[in-house]
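In: have a look at this prediction, sequence included:
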Amino acid sequence: MVQNDYILHGKTLATADSAKYLGVTIASDLRWNKHIDTISSKANRTLGFLKRNLKINSTALKSTAYKTLIRRTLEYACTVWDPYTQGNIYKLKMMQRRAVRFVLGR
């Protein structure tokens, strides 16, 4: 693969392996592993926050918190990066399972 150097105002621009655009991480090899890792860890941190701070035992309230804070993170722009590898699908399923166990109190 031929890689061209781009020059702007006399300086050569650096090459990046990935870039974040509108909340979606786009890799130079057009794989979605980094993006899915990023959103999974963000959703996992949010779930941990909810577990620590949401002490009410209401399934409806926990379900609403899941839908508004975690699910929107996992599904943002999913029509663009729809996972097709088993590893990426597994990561997202495991995150959803952890969230469902939280909502149902198991």
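Out: Received it, and whenever you're ready, just let me know what you need.
In: quick check: buried residues in the lowest-mean-pLDDT helix or strand in the chain?
Out: In the chain, no helix or strand scores lower on mean pLDDT, DSSP states H and E than helix 78-81, which sits at a mean of 84. For helix 78-81, a neighbour-count test (16 or more other CB atoms under 10 Å) marks Trp81 as buried. Every C-beta, even on glycine, is put in place using the N, C-alpha and C of the backbone.
In: any idea how far that helix is from the middle of the chain?
Out: 11 Å (CA atoms, centre = their mean, to the nearest Å).
In: remind me what that helix packs against, helices and strands.
Out: Counting contacts by 3 or more CB pairs under 8 Å, 6 or more residues apart in numbering; DSSP states H and E, helix 78-81 packs against no other helix or strand.
In: longest single helix anywhere in the chain?
Out: helix 33-53 (DSSP state H).
In: and the strands in the protein?
Out: Taking DSSP state E to define them, one finds strands in the chain at 7-8, 11-12, 18-21, 24-27.
In: what sits against the residue nearest to the spatial centre of the chain?
Out: For the chain, the residue nearest the mean C-alpha position is Ile39 (1.4 Å; CA atoms, centre = their mean). Counting by CB atoms under 8 Å, 6 or more residues apart in numbering, Ile39 touches 73-74, 76.
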